[in-house]
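Colleague: model this:
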Amino acid sequence: MRLSIIIVSYNVRHFLEQCLLSVQKAIQHIDAEVLVADNASTDGSREYLSERFNNIRFSWNEENTGFAKANNQLLNIARGEYILFLNPDTIVPEDCFKKCLAYFDANKTVGALGVQMIDGTGHFLRESRRSFPSPLISFFKLTGLASLFPKSPVFARYHMGHMNQQVVHETDVLSGAFMMIRKKVLDITGGFDEMFFMYGEDIDLSYRIQKAGFKNVYFADTTIIHFKGESTKKGSLNYVRLFYKAMSLFVKKHLKGVKAGFVLFFIRISIWIRAILTAIGNFIRNAGLPLIDAALILLSFWIAKYLWNRFVRPDISYSRHLLTIAFPFFSILFMIASYYTGLYDKPGKPGQLIKSTGIAAVIIISCYSLWPEQFRFSRGILLSGIVLSFLLLRICRSIFIQFGILDPPEKGKKLQTIVAGTEREYERILYLLKNSGRNERVFGRVPVIENSNNPSVDKKQLDILIKESSIREIIFCENGLSFKEIIGLISTLKGNLRFRISGSGSMSIVGSDSKDEAGEILSEESGYALSSPVNQRLKRLVDIASSILLIISFPIGIFFLRKPLKTFGNAWQVLIGKRTWVGYFTNTPGLPFLRKSIIAGNGMPVAIRGLQAVNVEQVDKLYARDYSVYNDITLILKNYRQLCG
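Modeller: Numbers count the residues shown, from 1 in each chain. This next block holds a predicted model:
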């Protein structure tokens with residue numbers, strides 16, 4: 001056998017689907033096998049993929065064994081003359097493997113080969129070729145000199161910025177996202193070192209290949225897309241810990257003496273600097289931002305009271321309870337309303353801040369009307385405080401966006417989308433967009449020129465359309481266009497554009513707007529209302545509130561409930577977060593996660609037996625798709641006596 005392609009996957013079923021579709025096209029006319037190891041994914045990968053790819057050999061691991069061990073697991077059964085380690089969040093052109101194998105045949109001293117990689121926006125990924133870490137290289141990278149002089153052969157040595165990315169050349173390190181290696185070389189060096197759970201294993205293997213006397217080559221004559229980020233959260237402390245732990249393992253394994261000491265010193269400094277910056281950013285994004293908001297809201301009410309008392313009604317003396325009770329109470333109300341209306345899902349989005357402030361204002365003014373007389377004060381102070389809160393929160397977010405702590409909101413007009421593909425594919429995309437709950441305005445379709453062996457789109461026409469119609473998103477359909485043509489267009493089209501790809505026959509659309517963050521997936525599951533973080537929080541609020549009420553009213557409810565003690569136990573389980581009142585009959589793949597439920601979306605106890613599987617699945621899907629808080633409350637009230645389960 002000529003080629004064995006090894007892929008390790010974890011919770012990336014839609015990206016893996018697109019990857020496998022491209023791989024199947026690329027192995028046509030090549031004697032090849034495709035081996036996939038799934039590291040205990042919880043996203044329904046097994047059910048979703050095994051039915052669609054009968055000709056691919058899957059290994060479904062019971063636990064997450066790590067990248068290195070899962071690759072070695074498949075390497076032990078691979079039969080190919082060449083082995084390709086490939087990431088699941090990649091897309092390869094149709095002639096990729098053919099070109100790589102031809103280069104190997106013509107260059108017998110080459111042991112391993114990597115290719116030019118671009119991200120989902122078309123930008124070159126610098127990790128396509130790298131140098132081994134050394135004290136000097138680590139210093140230049142750590143101090144930022146490498147970023148200041150990205151083309152310097154001295155300062156930018158780590159990512160080899162001085163080398164032309166369009167030219168084939170030798171390199172030290174190949175990316176584990178695409179490593180094609182001669183099997184006889186791996187027989188000498190062995191596979192990935194399983195000490196590396198994630199990160200660093202590609203550097204280690206690249207080093208051992210060179211030590212065995214073979215060359216590592218950066219092959220620029222073919223380009224793949226590497227979306228990145230879907231199973232890599234670079235903004236997390238866990239990423240920092242794993243990455244720098246891997247670097248330390250590599251240094252301790254391969255470098256000795258003073259040189260190793262210097263590199264380890266710089267790695268430790270890097271860990272502390274990166275960890276501190278990451279911790280600060282994460283604190284502000286998560287717990288820190290609400291705390292800062294709370295302080296600003298409280299400050300706003302205090303300033304409003306001061307200005308009102310100083311310039312509007314200096315004749316009135318307000319109670320000290322204003323600062324100690326009223327203002328903190330209304331600040332808490334503001335924060336609760338903001339949380340449950342989704343302000344912290346997209347904190348940098350001005351429209352979300354306006355929406356949350358408006359809802360908070362309605363709630364606060366309503367509560368004020370019920371406020372005890374001794375704690376009341378001027379409505380003018382209240383309204384001024386709310387307006388000032390909005391202004392201070394907006395200014396604070398603008399500062400955080402400027403410093404890169406928060407993501408900036410998308411600029412420009414409403415998203416205009418065009419589809420590049422055949423008429424049939426256009427209809428399929430419209431169906432997916434409709435069922436995914438997306439409201440993009442699809443401007444139209446760019447037809448495929450099918451009068452040649454290489455179908456394409458008129459790039460000149462596409463450029464004009466983008467410029468004159470304010471197009472900001474292009475969805476490429478592989479059926480009609482080749483993956484090679486799509487990759488070429490993504491790497492050459494200019495402008496503030498978003499790119500999405502959908503392979504022939506797939507029921508998903510994938511893309512990524514940043515190499516450091518999780519990509520975006522559009523599928524039928526995207527349209528489930530229950531997927532919304534706001535609805536998830538509101539559902540949990542309903543669970544907590546109803547459980548507390550049921551527990552408090554238990555002395556009365558004991559006369560009405562069918563099984564009082566069992567219901568009381570369920571209320572406690574729901575309250576502590578182990579169960580939910582309303583949910584699914586069963587664990588249907590692809591649905592938003594829910595805890596085990598007491599009753600299903602149709603009001604029937606989940607413990608009931610005898611229903612057909614297809615009916616159960618349909619009930620669960622309808623519940624997730626049409627979820628509303630009102631529906632949950634109604635079901636709980638209607639089935640009050642059945643809450644024993």
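Colleague: point out where the stretch 201-350 of the chain drops to low pLDDT.
Modeller: Within the stretch 201-350 of the chain, the ranges that satisfy pLDDT under 70 run 229-264, 266-268, 270-271, 273-275, 277-287, 320-323, 348.
Colleague: please, where are all the strands along it?
Modeller: 215-226 (DSSP state E, counting those that start in this stretch).
Colleague: that one: helices as residue ranges?
Modeller: Along the stretch 201-350 of the chain, counting by DSSP state H, counting those that start in this stretch, helices occupy 201-211, 237-254, 257-283, 289-307, 321, 327-340, 350-369.
Colleague: where does residue 471 sit, in terms of helix or strand?
Modeller: Using DSSP states H and E, residue 471 maps to neither a helix nor a strand.
Colleague: before we move on, what about residue 598?
Modeller: Using DSSP H and E, residue 598 falls in strand 596-600.
Colleague: in that strand, what's buried?
Modeller: 597, 598, 599, 600 (16 or more other CB atoms under 10 Å). (Each C-beta comes from the backbone N, C-alpha and C, glycine too.)
Colleague: could you say what helices and strands it packs with?
Modeller: Under the contact criterion of 3 or more CB pairs under 8 Å, 6 or more residues apart in numbering; DSSP states H and E, strand 596-600 touches strand 579-583, helix 613-625.
Colleague: can you do 10 Å?
Modeller: The contact analysis (3 or more CB pairs under 10 Å, 6 or more residues apart in numbering; DSSP states H and E) places strand 596-600 against helix 564-575, strand 579-583, helix 613-625, helix 629-638.
Colleague: which among these is found nearest to residue 489?
Modeller: helix 613-625 (34.1 Å; CB to CB).
Colleague: what's next to the strand holding residue 598, contact-wise?
Modeller: 543, 566-567, 570-571, 573-574, 578-587, 605-608, 611, 616, 619-620, 623, 635-636, 638-639, 642-645 (CB atoms under 10 Å, 6 or more residues apart in numbering).
Colleague: got the contact list for residue 489?
Modeller: 122, 420, 456, 457, 459, 462, 474, 476, 481, 499.
Colleague: just those residues: which are in strands?
Modeller: Of the contacts of residue 489, the ones assigned to strands by DSSP state E are 420, 474, 476, 499.
Colleague: closest to residue 305 out of those residues?
Modeller: Among these, and counting by CB to CB, the member closest to residue 305 is residue 499, at 51.5 Å.
Colleague: could you dump stretch 568-576 to CSV, C-alpha only?
Modeller: Extracted C-alpha coordinates of stretch 568-576, given in CSV (Å, rounded to 0.1, in the frame of the first residue of the first chain):
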residue,chain,number,x,y,z
PHE,A,568,-39.0,16.1,47.2
GLY,A,569,-35.9,14.1,46.3
ASN,A,570,-36.2,15.1,42.7
ALA,A,571,-36.5,18.8,43.7
TRP,A,572,-33.3,18.5,45.7
GLN,A,573,-31.5,16.8,42.8
VAL,A,574,-32.6,19.6,40.4
LEU,A,575,-31.6,22.3,42.9
ILE,A,576,-28.0,21.0,43.2
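Colleague: in that stretch, what counts as buried?
Modeller: In stretch 568-576, counting by 16+ other CB under 10 Å, buried: 568, 570, 571, 573, 574, 575.
Colleague: closest to residue 293 among these?
Modeller: residue 575 (27.5 Å).
Colleague: need the pLDDT of that closest one.
Modeller: At residue 575, the pLDDT value in this model is 92.
Colleague: tell me what residue 82 is bridged to.
Modeller: residue 3, residue 182 (DSSP bridges).
Colleague: next one: it relative to residue 532, how far apart?
Modeller: Distance of residue 82 to residue 532, computed by CB to CB, to the nearest Å: 46 Å.
Colleague: just to revisit the earlier point, for residue 184, state which of the buried residues of stretch 568-576 is nearest.
Modeller: residue 573 (58.3 Å).
Colleague: burial check on residue 342, number of neighbours?
Modeller: Residues contacting residue 342 under the criterion other CB atoms under 10 Å number 19.
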